[in-house]
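K.L.:
Next comes the sequence, and after it the predicted model I'd like to discuss.
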Amino acid sequence: MPADPAPPGRPDHHAVATVAAPEAAPPPDGTPAPDGAAPHRISGDGVARAAREAQDLAAQFEEEKPGRQLTGAVAVLLGTAALAVALLSLWQVFRPLPQGSKFYLIVFLAGVLPLVFLAYPAGLRLPRVLRRASARRAGRPDGPDDPTRACADPGSPAAQDPGGPRVPTAGRPSGLDWVLAALALVVCLYPVLPPTVAGGGGGYDAFLDRQGLLAPLDVVLGALLLVLLLEACRRATGWVLPVVCLVFLGYGYYGGLLPQSWPVAHAGLDFDQLVDAFYNSDSGFYGTPLDVAASYIVLFTIYGAVLDISGAGRFFVELSAAAFRRSRTAAGRTAVASGFLLGTVSGSGAATTVSIGAVTWPILRRAGYPAERAGGMLAAAGVGAILSPPTLGAAAFIIAEYLGVSYLRVLAWATIPTVLYYLGILLSVEIDARRFGARPVTIEVTSPWRLLARSGYHFASLFVIIGCLAVGLSATRAVVYATLLAAALSFLDRAHRLTPARLVAALVAGVRGVLAVAAVCAAAGIITATTTKTGLGPQAAALLVGGAKAVSTDPTVVVLLTVVLAAVALTLLGLAVPVTASFVIGWVIIGPALLDLGVAAPAAAMFVFYFAVLSEVSPPTALAAVAAAAVTGGRLVPTMWQTLRYALPAYLAPIAFVVTPNGLGLLGTGGPGRVAFATAASALGVAVLAVAAGGWLPGVGPAGPPERVLGALAGLTLLWLEPVPVAIGVALAAAGVTGCLIRRGLTARAGGPRAGRPAELREEPT
């Protein structure tokens with residue numbers, strides 16, 4: 001990435017109305033100092049404009065690839081189909097189809113899968129000979145700048161700009177896209193179509209009666225659906241997930257050829273058995289992941305679209321700026337608070353990163369934050385969106401379904417870890433502001449009380465979700481009621497009132513936002529069905545635990561080694577596949593290993609969930625960090641390492657869930673005493689880890705290498721939530737604080753800079 005903090009085309013140079021800082025000294029990233037001493041002024045129109053531009057930029061860094069920007073009759077057709085799917089999803093909440101939930105899933109997939117082929121370009125490259133022949137026929141150049149060299153689909157991102165970023169592109173579906181869409185519609189609806197053809201068909205009941213003994217036509221159409229789902233995933237997310245699915249498919253088919261002495265060997269499955277497991281069972285295409293997408297995710301994406309159109313995102317950013325407008329660390333606090341508030345309704349790490357970065361990066365830059373450090377802060381705050389109640393990522397709904405608990409229970413499990421996560425980021429912000437001498441920036445914005453009085457109604461729908469869940473309503477009804485309330489309250493703001501046209505746009509946007517997720521969830525059925533049929537889950541769990549036992553026979557060491565190996569495996573898995581698929585794979589393979597060691601199911605599930613999410617900040621991919629670097633113009637690798645430093649507590653807190661019984665206190669279970677003990681110890685652990693990583697003790701001054709080592713040891717020990725380790729951790733932390741105080745006194749006697757104040761404004765290596 002270029003080092004220029006505001007290269008042409010970046011959103012930061014036009015994100016706000018005016019930007020200025022009180023100081024005249026240049027910031028460390030080389031950005032020229034602003035003229036004058038005017039405060040940073042946030043304009044409502046500037047925030048809205050930045051948000052619109054951020055949506056386009058966010059599409060480059062989402063797990064899902066950007067789709068086409070359709071126009072004309074094709075856009076009307078896709079919008080009509082998406083609207084029908086949205087209305088069906090809403091109808092299903094209050095008047096479920098009498099044939100049952102699987103019938104609904106079949107119809108839902110028939111509605112969304114064809115749209116994937118229309119909304120997402122193929123993005124395949126033509127062979128060079130064909131590219132040149134095509135260019136000559138069209139009278140175009142065939143050199144390196146020839147757009148026809150990039151891909152076969154004229155509407156794909158590469159065709160529009162072969163060397164540019166992945167952005168939503170204009171273009172019309174090709175003839176092949178229409179064929180695939182029509183084929184997907186027929187194949188998906190086949191189980192419910194009444195005609196009898198070649199021993200197959202005959203309607204829904206007849207299809208179910210053939211479970212375990214499919215007709216030849218069933219096998220053919222099931223195989224076609226398998227291929228179509230893999231292609232849909234490839235278009236929407238890239239090659240990795242389809243390859244993973246093919247590996248599981250190959251394992252199911254060829255596993256019988258493995259030496260039977262191997263733990264992962266099985267008797268082998270023929271192709272008909274595999275298709276039956278995928279197409280006509282409750283653990284295949286129509287299993288829990290797709291059920292979650294069709295029953296929950298689509299409703300929450302509709303809710304998010306309604307909130308976005310009603311101006312909630314703009315309000316959250318302005319409120320964050322207003323809350324800290326006069327503090328010394330206003331710039332950093334605003335970025336973190338914006339990430340948290342937007343995360344409550346976003347559920348997407350990269351999109352939240354870009355949204356808050358487009359508005360707050362100019363403030364951070366004028367405060368003196370280098371591009372890489374600011375990018376790390378933005379990425380860490382944005383990833384918290386997937387961890388923040390009440391709208392967690394899609395995997396959280398799968399947890400509720402797998403464990404048979406209410407979504408409110410999952411929200412309760414996520415509350416304390418979310419607080420600890422943002423506590424770590426805020427402490428790091430405070431430390432950085434003092435260690436690197438961030439300049440105070442006055443943010444000129446309306447007072448928070450006036451903002452709350454004018455637009456605080458945006459919080460009402462969030463409270464409705466929690467309230468409805470608390471009185472026992474289902475999550476689906478809760479989010480529908482919240483959506484209706486948000487739509488009604490939008491009329492309090494004339495500029496954002498939800499007119500019928502905007503309501504239709506929100507419904508269409510909600511369904512379009514779930515297309516890639518639905519394809520991923522349906523394809524995840526290949527993994528779950530293969531694992532169930534072959535018994536891979538228990539076998540892999542035995543291998544994982546066996547590897548730990550080969551090192552030590554001590555139960556505590558075995559648990560710790562298993563957890564560390566599981567964390568590494570989940571992190572590597574998350575680098576390759578989306579969060580939802582990463583959780584599903586991790587749960588069916590690693591979950592049994594944790595359960596076999598006596599880890600409680602909630603702790604095991606949340607452990608897998610957190611490490612699936614952390615793939616967005618884990619080098620070398622780190623989608624959120626890549627998105628942040630695109631906003632700030634910072635160097636990519638340093639931005640990733642800064643993100644890792646800010647998000648460090650998120651890597652350690654999930655381990656605390658599972659290594660000791662008191663870890664359940666972090667999930668809000670086990671009684672008030674356990675919850676209070678676990679929360680207090682973990683909060684102290686997060687604090688000393690922030691000091692160790694940042695090299696500064698607020699209120700005291702610099703922390704040298706000895707104090708940082710003591711802090712790191714104290715933080716790790718405090719997260720082992722047992723009385724003796726916690727006491728040792730407190731002692732180590734106290735020793736570190738004492739060392740900082742001694743260092744401060746020595747520095748003062750030596751005539752150095754006043755304690756608590758940085759000697760110069762500069763960026764130091766971490």
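P.N.:
Right, received. Where do you want to start?
K.L.:
alpha carbons only for contacts and neighbour counts from here, please
P.N.:
Fine.
K.L.:
Could you check the pLDDT of V700?
P.N.:
Looking at V700, its pLDDT reads 85.
K.L.:
Report the separation between it and R435.
P.N.:
11 Å (C-alpha to C-alpha, to the nearest Å).
K.L.:
out of those two, which sits in the more crowded spot?
P.N.:
R435 (26 against 17; other C-alpha atoms under 10 Å).
K.L.:
my guess is the more buried one meets G699, correct?
P.N.:
No - R435 sits out of contact with G699 when judged by C-alpha atoms under 8 Å, with a separation of 11.1 Å.
K.L.:
and P263, what is it in contact with?
P.N.:
539-540, 543 (C-alpha atoms under 8 Å, 6 or more residues apart in numbering).
K.L.:
Give me the subset of those lying in helices.
P.N.:
539-540, 543 (DSSP state H).
K.L.:
Include neighbour count when you put those into a markdown table, please.
P.N.:
As requested, the ones in helices among the contacts of P263 are exported to a markdown table (neighbours: other C-alpha atoms under 10 Å):
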| residue | neighbour count |
| --- | --- |
| Q539 | 19 |
| A540 | 20 |
| L543 | 14 |
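K.L.:
Show me where the stretch 301-450 of the chain dips below the pLDDT cut-off.
P.N.:
Along the stretch 301-450 of the chain, the parts satisfying pLDDT under 70 run over 325-328, 344-349, 443.
K.L.:
need the strands for it, in chain order.
P.N.:
Ranges of strands in the stretch 301-450 of the chain, per DSSP state E, counting those that start in this stretch, are 443-444.
K.L.:
mind listing the strands for this protein?
P.N.:
Secondary structure of the chain (DSSP state E): strands at 40-41, 68-69, 169-170, 196-197, 200-201, 443-444, 696-697, 701-702.
K.L.:
Kindly indicate which of the contacts of P263 lies nearest S355.
P.N.:
Each of the contacts of P263 was checked against S355 using C-alpha to C-alpha; the closest is A540, at 40.1 Å.
K.L.:
quick one: that closest one from A223, how far?
P.N.:
Following C-alpha to C-alpha, the distance that separates A540 from A223 is 27 Å.
K.L.:
ok, now L230?
P.N.:
11 Å.
K.L.:
ok, now V631?
P.N.:
43 Å.
K.L.:
who's more crowded, the two?
P.N.:
Under the criterion of other C-alpha under 10 Å, the comparison of V631 against A223 puts V631 first, with 32 against 20.
K.L.:
you'd agree the more buried one is up against V354?
P.N.:
Yes - in this structure, V631 is within contact of V354 by C-alpha under 8 Å, at 6.8 Å.
K.L.:
about what we covered before: mind putting the contacts of P263 into CSV with distance to L378 and pLDDT?
P.N.:
Shown next, in CSV, are the contacts of P263 (distance: C-alpha to C-alpha, whole Å; pLDDT from 0 to 100):
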residue, distance to L378, pLDDT
Q539, 41, 84
A540, 37, 83
L543, 39, 83
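K.L.:
Let me know the closest of those residues to A486.
P.N.:
Distances from A486 to these, taken by C-alpha to C-alpha, are shortest for A540, at 46.1 Å.
K.L.:
list the contacts for the nearest residue to that closest one once chain neighbours are set aside?
P.N.:
Leaving aside its sequence neighbours, A540 sits nearest to I589 (C-alpha to C-alpha, 6 or more residues apart in numbering; 5.9 Å). Applying C-alpha under 8 Å, 6+ apart, we find I589 in contact with 536-538, 540-541.
K.L.:
among these, which ones are buried?
P.N.:
For these, a burial check counting by 16 or more other C-alpha atoms under 10 Å picks out 536-538, 540-541.
K.L.:
which of the residues in the lengthiest helix in the chain are buried?
P.N.:
Ranked by residue count, the top helix of the chain under DSSP H comes out as helix 500-534. Residues of helix 500-534 classed as buried: 502-531, 533-534 (neighbour count, 16+ other C-alpha under 10 Å).
K.L.:
Tell me the helices and strands packed up against that helix.
P.N.:
Here helix 500-534 touches helix 72-94, helix 101-119, helix 216-237, helix 240-254, helix 271-279, helix 288-292, helix 298-309, helix 579-589, going by 3 or more C-alpha pairs under 8 Å, 6 or more residues apart in numbering; DSSP states H and E.
K.L.:
That helix - what's its average pLDDT?
P.N.:
Averaged over helix 500-534, pLDDT sits at 90.
K.L.:
in this protein, what spans have low per-residue confidence?
P.N.:
In the chain, residues with pLDDT under 70: 1-66, 124-171, 325-328, 344-349, 443, 576, 620-621, 751-766.
K.L.:
rerun that using 50 as the cut-off
P.N.:
Residue ranges of the chain with pLDDT under 50: 1-38, 43-44, 46-48, 59, 61, 63, 142-168, 755-766.
K.L.:
From the structure, what's the count of residues near G745?
P.N.:
14.
K.L.:
can you give me the helices for the stretch 551-700 of the chain?
P.N.:
555-576, 579-589, 591-596, 601-613, 623-632, 636-646, 648-659, 672-694 (DSSP state H, counting those that start in this stretch).
K.L.:
tilt between the fourth one and helix 648-659?
P.N.:
Helix 601-613 runs at 150 degrees relative to helix 648-659, counting by axes from the mean of the first three to the mean of the last three C-alpha atoms, to 10 degrees.
K.L.:
before we move on, back to that, what separates the residue nearest to A540 from E707, distance-wise?
P.N.:
40 Å.
K.L.:
got it, and G663?
P.N.:
Distance from G663 to E707, counting by C-alpha to C-alpha: 27 Å.
K.L.:
Report the contact partners of L290.
P.N.:
L290 makes contact with 105, 518, 521-522, according to C-alpha under 8 Å, 6+ apart.
K.L.:
again, only this time at 7 Å
P.N.:
With contact set as C-alpha atoms under 7 Å, 6 or more residues apart in numbering, L290 has these partners: 518, 521-522.
K.L.:
What of L570?
P.N.:
Shown in contact with L570 (C-alpha under 7 Å, 6+ apart): 586, 611-612.
K.L.:
how close does it get to P698?
P.N.:
L570 is 35 Å from P698, by C-alpha to C-alpha.
K.L.:
Is G200 in contact with D218, as I believe?
P.N.:
Yes - counting by C-alpha atoms under 7 Å, G200 touches D218, with 6.2 Å between them.
K.L.:
For those two, indicate the residue with more neighbours.
P.N.:
D218 (25 against 20).
K.L.:
measure that one to D272 for me?
P.N.:
9 Å.
K.L.:
Pull the number of nearby residues for S447.
P.N.:
Around S447 there are 15 residues (other C-alpha under 10 Å).
K.L.:
Contacts only, for the closest residue to it other than its chain neighbours.
P.N.:
With sequence-adjacent residues excluded and distances taken as C-alpha to C-alpha, 6+ apart, S447 is closest to A322, at 5.6 Å. The neighbours of A322, taking C-alpha under 7 Å, 6+ apart as the test, are 445-448.
K.L.:
now A486
P.N.:
A486 makes contact with 306-307, 461, according to C-alpha under 7 Å, 6+ apart.
K.L.:
at 6 Å what do you get?
P.N.:
S461 (C-alpha atoms under 6 Å, 6 or more residues apart in numbering).
K.L.:
Could you check how far it is from I309?
P.N.:
10 Å.
K.L.:
what does A567 give?
P.N.:
39 Å.
K.L.:
The stretch 251-400 of the chain: helices as residue ranges?
P.N.:
For the stretch 251-400 of the chain, the helices defined by DSSP H, counting those that start in this stretch occupy 271-279, 288-292, 298-309, 312-323, 330-346, 349-366, 371-383, 394-403.
K.L.:
could you dump the fourth one to CSV, C-alpha only?
P.N.:
When you say that, I think you mean helix 312-323. Only the C-alpha atoms of helix 312-323 are listed here, as CSV (Å, rounded to 0.1, in the frame of the first residue of the first chain):
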residue,chain,number,x,y,z
ALA,A,312,-29.0,5.3,12.3
GLY,A,313,-25.4,4.9,11.1
ARG,A,314,-24.9,8.6,10.8
PHE,A,315,-26.4,9.1,14.2
PHE,A,316,-24.1,6.6,15.9
VAL,A,317,-21.0,8.2,14.4
GLU,A,318,-22.1,11.7,15.4
LEU,A,319,-23.0,10.5,18.9
SER,A,320,-19.5,9.0,19.3
ALA,A,321,-17.9,12.2,18.3
ALA,A,322,-20.1,14.2,20.6
ALA,A,323,-19.4,12.0,23.6
